[in-house]
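Enquirer: Predicted coordinates and the sequence they were generated for:
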Amino acid sequence: MSIRLTASNSSAVRRNKRKREPGYGSDMIQIAEYETQQQPTEESVESPRQARETKLQMTSSTVRIEGELSQLSDIHFGINASLLQMWDPIPERGTRLNADGIADLLRFRKSIPPIVMVSHLHALFPHDPTFIDRELQRVVEAGQIRRINVNINAGDMVIESKYYFRIYRDRKAAAVAEDSDSVVIFEKFEKLLRQKSAATAITSDDLAEFDISEDSGIRALLDIGFLVLAGAPGVYQISIPNVGSLLKLVFRSRKWVVSVLGKTKFKEMLEKTMRERWEAALKSRWREFRGVKFAWVLMECKGGGWCEPFQTSVGRCWRLTGKRE
């Protein structure tokens, strides 16, 4: 069964047909205020589409979602599972991309480092909420995993140290080919990274201990992408090149889900209906979202606490939790 979300012209209620203020349905705080008002205002009058919606009845709040692991495993397995679930295969037809567009899509995917959002790991292992935090602390301190946080609003990300340093060596080789003197800077910074395996941020004093200064390396590391500026002077976040491309993909795809749910009367929708909309929007699906799997996006939404699934008699449904995007 599916829910009809679009009212026909013949069923429109004329007395409710009023122009909405821009942004209605996207700001969760405003929506909550509108729904609690006693007297209807121009902003709070329901549209014909909203008036026809009926709230889905939950049959269970314990729901397994696609991609979720059935039992606890180690962090390494979880990271690999997340990476394997990230991309849809590119079909020969149906993407509305020409040869150049497909080539650009493949280059984009290849440029993304094998890094995973910690929120995604929480969705993979929902059975023990503290498991991820405990295990991450252990493997990070052991130097097996590098934890990265380049933006306080983005959340933590993790990458296996062997892949982090593989990328580091590749960038080092390219930089040294252009400037042989830069090899010293890369060697010093690698020693710092290995010594401070659990650090996500470092200070200019930390860098100075390894004889890395503004003139002798910090600027180069910022340009390449292994450091990014933090909010405080003299503080730098440890990063990895092209992490910004991943974060943009995460933000945009998550925002799509939050926006779609936010435009419904009860801020909920059947997963089947959402997926149909996602797959029908070919331009955004392949150009903006680069063919990322919809199940991967939902896991990010769940793990980060923006949305939650529940079971109904007509299938799995998703609703907003009220967390601000």
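Expert: Arrived safely. Residues are numbered from 1 along each chain as shown.
Enquirer: what ranges do the helices span in the stretch 101-250 of the chain?
Expert: Under the criterion DSSP state H, counting those that start in this stretch, the stretch 101-250 of the chain carries helices at the ranges 118-124, 131-141, 161-178, 183-195, 204-209, 219-224, 243-262.
Enquirer: Tabulate those helices (CSV), appending mean pLDDT and distance to F294.
Expert: All C-beta atoms are positioned from the backbone trio N, CA, C, and that covers glycine. CSV is the format used below for the helices of the stretch 101-250 of the chain (pLDDT from 0 to 100; distance: least, C-beta to C-beta, whole Å):
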stretch, mean pLDDT, distance to F294
helix 118-124, 91, 14
helix 131-141, 91, 23
helix 161-178, 95, 26
helix 183-195, 95, 35
helix 204-209, 94, 41
helix 219-224, 92, 33
helix 243-262, 96, 8
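Enquirer: Comparing those, which comes out most buried?
Expert: helix 118-124 (a mean of 23; mean count of other C-beta atoms under 10 Å).
Enquirer: For that one, list the C-alpha coordinates in CSV.
Expert: Taking C-alpha atoms only, helix 118-124 is exported to CSV below (Å, rounded to 0.1, in the frame of the first residue of the first chain):
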residue,chain,number,x,y,z
VAL,A,118,31.1,7.7,13.0
SER,A,119,27.4,8.3,12.9
HIS,A,120,27.2,5.7,10.1
LEU,A,121,29.0,3.1,12.3
HIS,A,122,26.4,3.8,15.1
ALA,A,123,23.7,2.8,12.6
LEU,A,124,25.6,-0.3,11.6
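Enquirer: re the thing from before, out of the helices of the stretch 101-250 of the chain, nearest to M299?
Expert: Using C-beta to C-beta as the measure, helix 118-124 is the one of the helices of the stretch 101-250 of the chain that comes nearest M299, at 4.0 Å.
Enquirer: For I79, list the residues it contacts.
Expert: Shown in contact with I79 (C-beta atoms under 8 Å, 6 or more residues apart in numbering): P114, V116, L121, I145, V158, I159, E160.
Enquirer: do that again at 7 Å, thanks
Expert: V116, V158, E160 (C-beta atoms under 7 Å, 6 or more residues apart in numbering).
Enquirer: Next, the contact list for the spatially most central residue of the chain, please.
Expert: Most central in the chain under C-alpha atoms, centre = their mean is V250, positioned 2.8 Å from the mean C-alpha point. Applying C-beta under 7 Å, 6+ apart to V250 gives the contacts M117, E300.
Enquirer: and with 8 Å instead?
Expert: M117, A154, E300.
Enquirer: what separates D215 from R166, distance-wise?
Expert: Between D215 and R166 the computed distance is 29 Å (C-beta to C-beta, to the nearest Å).
Enquirer: Would you confirm that P241 contacts I224?
Expert: Yes - between P241 and I224 there is a contact under C-beta atoms under 8 Å: 6.2 Å.
Enquirer: what's the burial count for the closest residue to S204 other than its chain neighbours?
Expert: Of all residues not flanking S204 in the chain, G234 sits nearest, at 4.2 Å (C-beta to C-beta, 6 or more residues apart in numbering). By other C-beta atoms under 10 Å, the residues close to G234 number 12.
Enquirer: Enumerate every residue touching G234.
Expert: T203, S204, D205.
Enquirer: Report the separation between the first one and G217.
Expert: Using C-beta to C-beta, one gets 14 Å for the distance from T203 to G217.
Enquirer: Between those two, which is the more surrounded one?
Expert: G217 (20 against 15).
Enquirer: which residues do P241 and I224 both contact?
Expert: In contact with both P241 and I224: R171, using C-beta under 8 Å, 6+ apart.
Enquirer: returning to that earlier point: including neighbour count, distance to T62 and pLDDT, could the contacts of I79 go into a markdown table?
Expert: Listed next are the contacts of I79 as a markdown table, based on neighbours: other C-beta atoms under 10 Å; distance: C-beta to C-beta, whole Å; pLDDT from 0 to 100:
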| residue | neighbour count | distance to T62 | pLDDT |
| --- | --- | --- | --- |
| V116 | 24 | 25 | 96 |
| V158 | 25 | 27 | 97 |
| E160 | 20 | 32 | 97 |
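Enquirer: out of those, who's nearest K267?
Expert: Nearest to K267 among these, with distances taken as C-beta to C-beta, is V116, at 27.9 Å.
Enquirer: Thought D156 was touching that closest one, still the case?
Expert: No - with contacts counted by C-beta under 8 Å, V116 stays clear of D156, the gap being 9.8 Å.
Enquirer: and which of the contacts of G234 is nearest to R324?
Expert: After measuring those against R324 - C-beta to C-beta - the closest member comes out as T203, at 30.8 Å.
Enquirer: And that closest one, how close does it get to V243?
Expert: 20 Å.
Enquirer: E288 - nearest residue in space that isn't next to it in sequence?
Expert: Closest to E288 by C-beta to C-beta, 6+ apart is R252, at 6.1 Å.
Enquirer: how many other residues sit next to V228?
Expert: Neighbours around V228, by other C-beta under 10 Å: 18.
Enquirer: Great, nothing more from me.
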